[in-house]
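J.: The following comprises the amino acid sequence and a computationally predicted model.
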Amino acid sequence: MPAAGRGTRLGADLPKQYLMLAGRSMLEWSVQPFLIDAACRGLVVALAPDDEHWSQVRSRLQRVPIEAVGGAERADSVRSALQRLQASGVGADEWVLVHDAARCLVTPAQIRQLIAACQHDPVGGLLAQPLADTLKVQAPAERADADPRVSATLERSGKWLAQTPQMFRLQALHDALAAVAASGFAGITDEASAMERLGLKPRLVEGSAQNFKVTYPADFALAEAILGSRA
Ligand code: C5P
């Protein structure tokens, strides 16, 4: 689980994974479904080198995850966590699930659904949601202070919003990320995109719109309402 981000888009003092939602930190909500799932044999959390909040979260968990040092980019944090798994003796062909700490609404049922759909797949795959809205391209701005304007509408059919968890074999994912590291992970915003660069076609597993990434203040209120209603 990459959890080394600064979460500046929410505009809070704390990194967003430590903001409180319905009585628990976002990170606690995110790790919990993996810790209680029998199919998940362990969890590695990649943390910022100067993280001051993890020890408090860890003290409240019933299983203690392994810790890894996160990096400058999300992909650096994922690579670091994968290397930690390799160092702990996890086999090259074992499946790993990578999940954003900021997707705190994932459920055990969605995790099992991904595992069931991908465990016999030669590549692996990801939870995703077919695009419901019409997709607009913003026109290049004529002035820096100009309001955004539309230059085009993209075809909506066949487009999906990628979520996490994303499930790939340990060595294959490590090698795919290593292959794009030299470019500073340009254009690599998830694990699947690194696998795609190798010509592979990850499986799309339809998930739930509730598994959104908490990013903006309005997402935060919605996540809190959903978590509160589940409790
Ligand atoms: O910033 P964003 O919400 O896209 O980050 C997605 C996930 O990646 C978050 O869980 C965040 O903590 C993590 N991340 C990381 N290391 C970074 C940047 C982001 O682990 N350098």
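T.: That came through fine.

J.: Quick check: phi and psi on the residue nearest in space to the middle of the chain?
T.: Central residue of the chain (C-alpha atoms, centre = their mean): residue 100, 2.6 Å from the mean position. Main-chain torsions, residue 100, degrees, to the nearest 10: phi -70, psi 130.

J.: How about residue 166?
T.: According to degrees, to the nearest 10, residue 166 has phi -120, psi 140.

J.: Distance-wise, check it relative to the ligand.
T.: Going from residue 166 to the ligand by C-beta to the nearest ligand atom, to the nearest Å gives 12 Å. (Each C-beta comes from the backbone N, C-alpha and C, glycine too.)

J.: residues touching residue 140, list them.
T.: residue 151 (C-beta atoms under 8 Å, 6 or more residues apart in numbering).

J.: re earlier: look up how far residue 33 lies from the residue nearest to the centre of the chain.
T.: 13 Å (C-beta to C-beta, to the nearest Å).

J.: Then residue 193?
T.: Counting by C-beta to C-beta, the separation of residue 193 from residue 33 is 24 Å.

J.: Of the two, which one has the most company?
T.: residue 33 (20 against 17; other C-beta atoms under 10 Å).

J.: Surely that one is in contact with residue 108?
T.: Yes. Residue 33 lies in contact with residue 108 (C-beta atoms under 8 Å); the separation is 4.7 Å.

J.: Not counting sequence-adjacent ones, nearest residue to residue 197?
T.: In space, and not counting its chain neighbours, residue 197 is closest to residue 180: 5.9 Å by C-beta to C-beta, 6 or more residues apart in numbering.

J.: now swap in residue 76 and tell me
T.: Nearest-residue entry for residue 76: residue 70, 6.9 Å, with adjacent residues in sequence omitted and distances by C-beta to C-beta, 6+ apart.

J.: wait, isn't the one you found in contact with residue 54?
T.: No. Counting by C-beta under 8 Å, residue 70 stays clear of residue 54, with 10.7 Å between them.

J.: Touching both of those two, which residues are there?
T.: Common neighbours of residue 70 and residue 54 are listed as 3, 47 (criterion: C-beta under 8 Å, 6+ apart).
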